[in-house]
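Colleague: Coordinates only, no sequence provided:
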């Protein structure tokens, strides 16, 4: 039981670290991708999308797979399946 509790604590620390690190990357992206006069009005989701697109080298099928995985993790199974179907039907 102690191993499980310790693993859960470590998992929670890792989740917090990932979230904090992504927040830092989003703020770096805000300063890098947008002109100063627009930076304050750009939502985090948009900046994260740009980061994902750049990380995946603008590859549509990888971007769709990432989007589908995020939807699945958020328990939006039907939306995830629709994105999977779209990815299968479209060849960029």
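Modeller: That came through, no problem. Only a predicted model underlies this, so the values are computations on that prediction, with no experimental measurement involved.
Colleague: Mind listing residues that contact stretch 33-49?
Modeller: Defining contact as CB atoms under 8 Å, 6 or more residues apart in numbering, one finds that stretch 33-49 is touched by 22, 23, 26, 29, 30, 31, 50. Where you see a C-beta, it was placed from the backbone N, CA and C, and this is true even at glycine.
Colleague: list the buried ones in it?
Modeller: Neighbour counts over stretch 33-49 (16 or more other CB atoms under 10 Å) mark 34, 47, 48 as buried.
Colleague: Let me see the domain layout of the protein.
Modeller: Structural domains annotated on the chain: 1-42, 56-92, as defined by automatic domain parsing.
Colleague: Can you tell me which of the contacts of stretch 33-49 are classed as buried?
Modeller: The neighbour count (16+ other CB under 10 Å) marks 26, 29, 30, 50 as buried among the contacts of stretch 33-49.
Colleague: So which of these belong to helices?
Modeller: Among these, the members falling in helices are 26, 29, 30, 50 (criterion: DSSP state H).
Colleague: And the spatially closest residue to the last one that is not a sequence neighbour, how close does it get to residue 57?
Modeller: Read that as residue 50. For residue 50, ignoring the flanking residues on the chain, the nearest one in space by CB to CB, 6 or more residues apart in numbering is residue 33 at 5.6 Å. Distance, residue 33 to residue 57, by CB to CB, to the nearest Å: 16 Å.
Colleague: Cheers, nothing more for now.
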